[in-house]
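K.L.:
Sequence and predicted structure below; questions after.
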Amino acid sequence: MSWKLKAIHREQWQPFLLEHSQGSLFHRWEWQEVIEAGFGVRVNRLGIFDERDQLRGLLPLAERKLSLLRLAGSPLSGVATPHGGPLGAGLAEVLPALEEYAAARRLDYLEIGVDSAEPQAQADLAQAGYAAAVLKTLKLTLPATEEALWAGLEVRCRNAVRKAQKSGVEVAAAVSLEEWLEPYLELSRGVYLRQEKEPPFTRDYFCQLWRSFYDNGDLTVLLARYEGKIIAGAIFPRDRQVAYYLDGVSDRAYNKVVPNNLLQWEFLKKALNDGIAVYDMVGANIPSIAQFKKSFGSTEYAYLYAYRNRTRRARLGRAVYAKYGAKLKRWLRR
């Protein structure tokens, strides 16, 4: 008798999550509400049940339609969720249950994240028909004192923080949604316009993020001002003793006063005072961004992203997208 995936209610989900130290922000029920509001996906909150029908784990599985395809993932690409995958149960038990669930829902394509790159995890995924890639994130274990925190920054990073301070850049935490939402959205549009891309985050996403996490102290939005103008901002949610660098934006015209370094430093000091043990800077796969994050003393950690084309049309769709996706996006923006 195999393990099963079944939808469960919040009353079952929350206590199980709280009992597991490996649970992350991105496994929280509230996070699923954020991505549903911000990206229009449906998140199936699935319990992982063993042969005796005992709840052994959780799997938030985001689902969306793309043309004729039904896509699902934990996490699913494009919904601003860096970590995911099953919590509390091993891949060897979960993957067959996920395949049975996907067959019942006629899913064409699956993605899954694994918070490690251990050989056994890679073997389990390969045996289940997944292609897997090793990705990297950057984490910083916070020391006991601010002096040690400062000493852990690279020299160039400390110099950039001092330059921002001497230039008159001021950083403060937002205390209302109205204070930061419109300036942040405008900065975000500018950042992605330079890359000929659409901003990944919607107004609804930011609103739901604020409603879900700010009042209970699990969200910090820092704004950098120069001569009274907001020139940069960054968003830092937390879960228990782990904080995340979710997003950051800045006006390139003010790069000379290096506001981004000061934003990170001010958050690090706040995180230390708030009892944060680990700061996950989320993502180290773009060299220039990884270099910036490493300058704060962070360390690389590997994890797995895996995908499986369950149907022929999914295989064809992925091949077409890989070949023509960039051109299609440019055409749609005209």
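P.N.:
Perfect, thanks for sending it.

K.L.:
Show me the strands in the protein, by range?
P.N.:
4-7, 42-49, 55-66, 69-74, 109-114, 131-141, 170-173, 219-226, 229-239, 242-244, 247-250, 278-280, 299-309 (DSSP state E).

K.L.:
What strands flank the first one, and is each parallel or antiparallel?
P.N.:
Take DSSP bridges as the rule and strand 4-7 pairs in its sheet with strand 42-49 (antiparallel).

K.L.:
quick revisit: in JSON lines, list the strands of the chain along with mean neighbour count, mean pLDDT and distance to residue 180.
P.N.:
In short, each C-beta sits where N, CA and C put it, glycine included. Formatted as JSON lines, the strands of the chain follow (neighbours: other Cβ atoms under 10 Å; pLDDT from 0 to 100; distance: least, Cβ to Cβ, whole Å):
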{"stretch": "strand 4-7", "mean neighbour count": "16", "mean pLDDT": "98", "distance to residue 180": "35"}
{"stretch": "strand 42-49", "mean neighbour count": "20", "mean pLDDT": "98", "distance to residue 180": "26"}
{"stretch": "strand 55-66", "mean neighbour count": "20", "mean pLDDT": "96", "distance to residue 180": "26"}
{"stretch": "strand 69-74", "mean neighbour count": "22", "mean pLDDT": "96", "distance to residue 180": "30"}
{"stretch": "strand 109-114", "mean neighbour count": "23", "mean pLDDT": "96", "distance to residue 180": "29"}
{"stretch": "strand 131-141", "mean neighbour count": "16", "mean pLDDT": "95", "distance to residue 180": "24"}
{"stretch": "strand 170-173", "mean neighbour count": "16", "mean pLDDT": "98", "distance to residue 180": "9"}
{"stretch": "strand 219-226", "mean neighbour count": "21", "mean pLDDT": "98", "distance to residue 180": "5"}
{"stretch": "strand 229-239", "mean neighbour count": "22", "mean pLDDT": "98", "distance to residue 180": "6"}
{"stretch": "strand 242-244", "mean neighbour count": "22", "mean pLDDT": "97", "distance to residue 180": "18"}
{"stretch": "strand 247-250", "mean neighbour count": "22", "mean pLDDT": "96", "distance to residue 180": "11"}
{"stretch": "strand 278-280", "mean neighbour count": "21", "mean pLDDT": "97", "distance to residue 180": "21"}
{"stretch": "strand 299-309", "mean neighbour count": "18", "mean pLDDT": "95", "distance to residue 180": "30"}
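
K.L.:
okay if I get those as CSV plus distance to residue 185?
P.N.:
Below are the strands of the chain laid out as CSV (distance: least, Cβ to Cβ, whole Å):
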stretch, distance to residue 185
strand 4-7, 34
strand 42-49, 24
strand 55-66, 23
strand 69-74, 26
strand 109-114, 28
strand 131-141, 26
strand 170-173, 18
strand 219-226, 12
strand 229-239, 10
strand 242-244, 20
strand 247-250, 9
strand 278-280, 24
strand 299-309, 28
